[in-house]
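Engineer: Give me a 3D structure for the following:
(one chain, ligands or ions: 1)
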Amino acid sequence: MNQLNTQAPGCEVAIIGGTGLTQMQQMESLRHELITTPFGEASGPLSHGRLWGHPVVFLPRHGYGHTIPPHKVNYRANLWALKQVNVGLVIAVNAVGLIRRDLEPGALVLPDQLLDYTYGREHTYFDGSGEPLQHVDFTNPYSERLRSLFKTAALEAKIPLVDHACYGVTQGPRLETSAEIDRLERDGCELVGMTGMPEAALARELGMQYACIALGVNKAAGRGETGIHAEMEAYLSLSMQRLAGLLKAVLPAICLMGKGGAESSPED
Ligand code: HPA
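Structural biologist: Numbers count the residues shown, from 1 in each chain. I've put the predicted structure just below:
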C-alpha cells in the first residue's frame, strides 16, 4: 500500500459509471490511459476528457463493453488507478432497485448510509501485506461535502433528488427474492444494488471524497407490478437524462472543490 500517499488529497474529479453508463455521451474524450496497479487490471483504461467544459476522468465499472459482473469488478484496481492520476473526488453512479415504497422508478437518490451484504470480494487495501493496519472511520460512508454540493445543485436547478437513503449492497449477479427484499427492508435498506461495496470503503481507505448517485431503475423484487427487467429497460434512459442534468448542475462546484478545498478529511 506504500506506493501511494493516501494522505495527499487529489484534486481531479472522477465519474465511475455503472449499468447503463459505460460511456458518457456528453463527454469530449481527450485521451485514454491504461494504468497498471499492484492489484491487477482496472475495468478499462481511464478516459480523460471534458464534460460541459469541466475536466473529468471517466471509468466504466463494468468495462467499456459491460462485461464484468458486480462480484468480479476489480474495485481495488479501479480506485487505485484513479488515485494514481490524482483523483481526489469520486462521483459513483449506481443503478439500484427501489425498496422504499414511495419511490418511483426514474428517481435520483443520494444515499447517506449503506449495509454491506457482499462476500468474497477483495474489499480492503489493508490485507496484512506488511502495511501498518488502519481501521478507517466509516461511520458516514459518503462524503458529506460532496453530498451537500449535490443537494444544493439539485435544489437550484430544480432537479428532484432524494437526499438520503440506506443502500443495501447485495452480491449478485442474480436479483433478489422477494423475501430477501423484505429482510433488507426490515434491516432499514431503502435501495438495493450490487456495486456500492467495497468501492465506497476502498475510496475511504485511499482518502478520497466519494459520493454515490443511485439511479432507481426498478422497484425491488416483489414490489412492482411489471417485471424487473421490463422496468429497468423502460426507466434506464430517463434516469440517464436526469443524471446528465444533475451532473451538469453540480460539476462546476465539485471541480471548484477539487481545486481548492479537497483537503478536508473524507468523512466530512
Ligand atoms: N437489485 C439489485 N441490483 C439492482 C437492482 C435490483 O433490483 N436494480 C438495479 N440494480
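Engineer: Mind telling me what element the residue of the chain found nearest the ligand is part of?
Structural biologist: With CB to the nearest ligand atom, the shortest gap between the chain and the ligand falls at Gly97, namely 2.2 Å. (C-beta placed from N, C-alpha, C; glycine too.) Taking DSSP states H and E as the definition, Gly97 sits inside strand 87-98.
Engineer: quick revisit: pLDDT wise, what is the residue of the chain closest to the ligand at?
Structural biologist: Reading off the confidence values, Gly97 has pLDDT 98.
Engineer: That one against Val192, yeah?
Structural biologist: Yes - counting by CB atoms under 8 Å, Gly97 touches Val192, with 4.6 Å between them.
Engineer: Could you name every residue contacting both of those two?
Structural biologist: Common contacts of Gly97 and Val192, defined by CB atoms under 8 Å, 6 or more residues apart in numbering, comprise 176, 181, 220.
Engineer: Against Val169, how distant is Arg121?
Structural biologist: Arg121 is 10 Å from Val169, where distance means CB to CB, to the nearest Å.
Engineer: just Arg223 next, same as before
Structural biologist: The gap separating Arg223 from Val169 is 18 Å, by CB to CB.
Engineer: List the strands paired with the lowest-mean-pLDDT helix or strand in the chain, with their directions.
Structural biologist: One helix or strand of the chain scores below all others by mean pLDDT, DSSP states H and E: strand 27-33, with a mean of 90. Here strand 27-33 is paired, per DSSP bridges, with strand 46-51 (antiparallel).
Engineer: Report the inter-axis angle for the partner strand versus strand 87-98.
Structural biologist: Strand 46-51 and strand 87-98 are oriented at 90 degrees to each other (axes from the mean of the first three to the mean of the last three CA atoms, to 10 degrees).
Engineer: re earlier: got a list of contacts for the least confident helix or strand of the chain?
Structural biologist: Residues from elsewhere that reach strand 27-33 (CB under 8 Å, 6+ apart): 45-51, 56, 58, 85.
Engineer: Including neighbour count, pLDDT and distance to Thr139, could those go into TSV?
Structural biologist: Converted to TSV, the contacts of strand 27-33 look like this (neighbours: other CB atoms under 10 Å; pLDDT from 0 to 100; distance: CB to CB, whole Å):
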residue	neighbour count	pLDDT	distance to Thr139
Pro45	15	96	35
Leu46	22	97	30
Ser47	22	95	33
His48	18	96	33
Gly49	18	95	35
Arg50	13	95	35
Leu51	20	94	31
Val56	24	96	28
Phe58	23	96	29
Val85	14	96	29
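Engineer: which parts of the stretch 101-250 of the chain sit against the ligand?
Structural biologist: Residues of the stretch 101-250 of the chain lying close to the ligand by CB under 6 Å from any ligand atom are 170, 175-176, 192-194, 217-218, 220, 228.
Engineer: which of those are buried?
Structural biologist: Buried members of those, counted by 16 or more other CB atoms under 10 Å: 170, 175-176, 192-194, 217-218, 220, 228.
Engineer: Among those, which lie within strands?
Structural biologist: Of these, the ones assigned to strands by DSSP state E are 192-193, 217-218.
Engineer: Dump those to TSV, plus distance to Ser237 and pLDDT.
Structural biologist: Output for these, formatted as TSV (distance: CB to CB, whole Å; pLDDT from 0 to 100):
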residue	distance to Ser237	pLDDT
Val192	21	98
Gly193	18	98
Val217	10	96
Asn218	13	97
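Engineer: And those residues, which is closest to Asn140?
Structural biologist: Nearest to Asn140 among these, counting by CB to CB, is Gly193 at 18.7 Å.
Engineer: What are the neighbouring residues in contact with that closest one?
Structural biologist: By CB under 8 Å, 6+ apart, the contact list for Gly193 reads 94-97, 167-170, 214.
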